[in-house]
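J.: can't give you the sequence, but here's the structure:
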């Protein structure tokens with residue numbers, strides 16, 4: 001994972017840096033907001049919402065909160081006909097369903113990996129070619145920095 005450094009990056013360099021990898025994008029609030037906007041336009045924002053919910057869940061410390069957050073994530077994203085049901089295979093969904101009564105901080109790890117992989121291989125490359133991203137980068141361009149962005 002890239003280290004955050006102490007010098008200030010210009011908005012242009014920051015937006016361009018999101019193309020380096022999805023982790024750079026997901027750890028930057030402006031990048032995350034732009035990616036969410038893009039996913040909403042594709043009707044797949046549940047993927048990043050699930051990923052973020054899992055990231056938050058893994059930081060949970062009290063057993064009571066682990067149980068309540070796990071049930072919320074399960075009912076929101078995992079169970080059949082959930083309002084924001086994510087696209088995962090039957091065996092992963094089934095395993096979570098069997099373990100949800102006694103959840104652990106790792107109970108969503110496999111599903112989170114699948115969704116991360118789906119976003120990295122599918123949504124992220126399309127985001128980098130999207131008008132949303134191009135407009136963001138172009139609006140922040142100064143001088144002749146376009147050589148860093150070959151997809152524009």
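T.: Here it is on my side, so go on. Just so it is clear, the model here is predicted, and its values are computed rather than measured.

J.: which parts of the lowest-mean-pLDDT helix or strand in the chain are buried?
T.: Among the helices and strands of the chain, helix 11-17 carries the lowest confidence by mean pLDDT, DSSP states H and E, at a mean of 71. Neighbour counts over helix 11-17 (16 or more other Cβ atoms under 10 Å) mark 12, 14, 15, 16, 17 as buried. Glycine gets a C-beta too; all of them are placed from N, C-alpha and C.

J.: and if you look at stretch 75-87?
T.: Neighbour-count burial for stretch 75-87 [16+ other Cβ under 10 Å]: 76, 77, 78, 86.

J.: for the residue most central in space within the chain, what are phi and psi?
T.: The chain has residue 48 as the residue nearest its centroid, 3.5 Å off, counting by Cα atoms, centre = their mean. The phi and psi values for residue 48, taken as degrees, to the nearest 10, are phi -70, psi -30.

J.: show me the contacts for it.
T.: 26, 32, 35, 36, 39, 119 (Cβ atoms under 8 Å, 6 or more residues apart in numbering).

J.: quick one, which of these are buried?
T.: With neighbours counted by 16+ other Cβ under 10 Å, the contacts of residue 48 contain buried members at 26, 35, 39, 119.

J.: so which of those residues belong to helices?
T.: Among the buried ones among the contacts of residue 48, the members falling in helices (DSSP state H) are 26, 35, 39.

J.: returning to what we had before: in a markdown table, list the buried residues of stretch 75-87 along with secondary structure, pLDDT and distance to residue 124.
T.: Output for the buried residues of stretch 75-87, formatted as a markdown table (DSSP: H, G, I helix; E, B strand; the rest coil; pLDDT from 0 to 100; distance: Cβ to Cβ, whole Å):
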| residue | secondary structure | pLDDT | distance to residue 124 |
| --- | --- | --- | --- |
| 76 | helix | 98 | 23 |
| 77 | helix | 98 | 19 |
| 78 | helix | 97 | 23 |
| 86 | coil | 97 | 16 |
